[in-house]
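Engineer: got a structure for you, letters missing:
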């Protein structure tokens, strides 16, 4: 019985270590993805990037902040969608002409 408990404990520790590495890896990937989206937005001259924030969670990008028009909002969404690794784009952008 003691051997079975020892094996179960070892398996639990290994599983926890894997889960932590996966969470850390996902955080790094999300941060990298956010950076790639911000860069893509910066390279789009029709977008006022300084007023757009980018947040990424598990490959889903959320854009927030202020844009000047519905067209600028759509261009920002389309630009973010083109970035490799982006699974989806959500907009919390506000239009303020």
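Structural biologist: Yep, that arrived. Everything numeric here is computed off the predicted structure, so don't read it as measured data. Residues are numbered from 1 along each chain as shown.
Engineer: quick check: phi and psi on the closest residue to residue 69 other than its chain neighbours?
Structural biologist: Closest residue to residue 69 apart from its sequence neighbours, by CB to CB, 6 or more residues apart in numbering: residue 95 at 6.3 Å. Where C-beta positions appear, they are placed from N, C-alpha and C, glycine not excepted. Backbone torsions of residue 95, given as degrees, to the nearest 10, read phi -100, psi 120.
Engineer: use 95 as the first number from now on
Structural biologist: I'll keep to 95 as the first residue from here, and by that count the last item is residue 189.
Engineer: look up the residues forming beta bridges with residue 189.
Structural biologist: Bridge pairing for residue 189 (DSSP bridges) gives the partners residue 161.
Engineer: give me the local confidence score for it.
Structural biologist: Residue 189 is assigned a predicted lDDT (pLDDT) of 95.
Engineer: who's in contact with it?
Structural biologist: Residue 189 is in contact with 160-164, 166-167, counting by CB atoms under 8 Å, 6 or more residues apart in numbering.
Engineer: buried subset of those residues?
Structural biologist: 161, 166-167 (16 or more other CB atoms under 10 Å).
Engineer: contacts only, for residue 136.
Structural biologist: Taking CB under 8 Å, 6+ apart as the test, what residue 136 contacts is residue 143.
Engineer: can you tell me how far it is from residue 173?
Structural biologist: For residue 136, the distance to residue 173 equals 10 Å [CB to CB, to the nearest Å].
Engineer: can you check residue 128 too?
Structural biologist: Residue 128 sits 13 Å away from residue 173, going by CB to CB.
Engineer: now do the SS call for the spatially most central residue of the chain.
Structural biologist: Centroid check for the chain by CA atoms, centre = their mean gives residue 150 as the closest residue, at 1.8 Å. Classification of residue 150 using DSSP: H, G, I helix; E, B strand; the rest coil returns strand.
Engineer: that one contacts residue 156, correct?
Structural biologist: Yes: counting by CB atoms under 8 Å, residue 150 does reach residue 156; the two are 7.5 Å apart.
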